[in-house]
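predicted coordinates and the sequence they were generated for:
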Amino acid sequence: MSDPVANPRTANVIRSPKAANRRAEVRDRLQDRGARLFAEHGRSNVSVEDLINAVGISRATLLRLYQPRHDFGTVYRESILALLLKD
């Protein structure tokens, strides 16, 4: 196993409460805006660019939050769950 200190890019390590709060905020925005986009346009019609533009983040930030890339489906599931729990 790699050491997160030696290789921070391969680890999903949050080093400070500020970073943890920022990550949670971005995930919340992704869930909220993602849910709206998916509801309006359908899952197959929402691109990565649509999501990152709606949230105001870079592609790199999205991929850091959802590693590896196959975890991107999590954005969809979390968005739909957040939408259902709001009511």
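Everything's here; your move.

how close does L63 sit to A39?
24 Å (C-beta to C-beta, to the nearest Å). No exception for glycine: its C-beta is placed from N, CA and C like everyone else's.

any idea how far the closest residue to R29 other than its chain neighbours lies from V48?
Nearest non-adjacent residue to R29, counting by C-beta to C-beta, 6 or more residues apart in numbering: V55, 4.8 Å away. V55 sits 11 Å away from V48, going by C-beta to C-beta.

mutual contacts of those two, please.
L62 (C-beta atoms under 8 Å, 6 or more residues apart in numbering).

quick one: contacts of the worst-scoring helix or strand of the chain on mean pLDDT?
Lowest mean confidence among the helices and strands of the chain (mean pLDDT, DSSP states H and E): helix 73-86, at a mean of 72. Residues outside helix 73-86 that contact it (C-beta under 8 Å, 6+ apart) are 27-28, 30-32, 34-39, 43, 51, 62, 66.

buried ones in that helix, by neighbour count?
Applying a neighbour-count criterion of 16 or more other C-beta atoms under 10 Å, one finds V75, Y76, E78, S79, I80, A82, L83 buried in helix 73-86.

lovely, talk soon.
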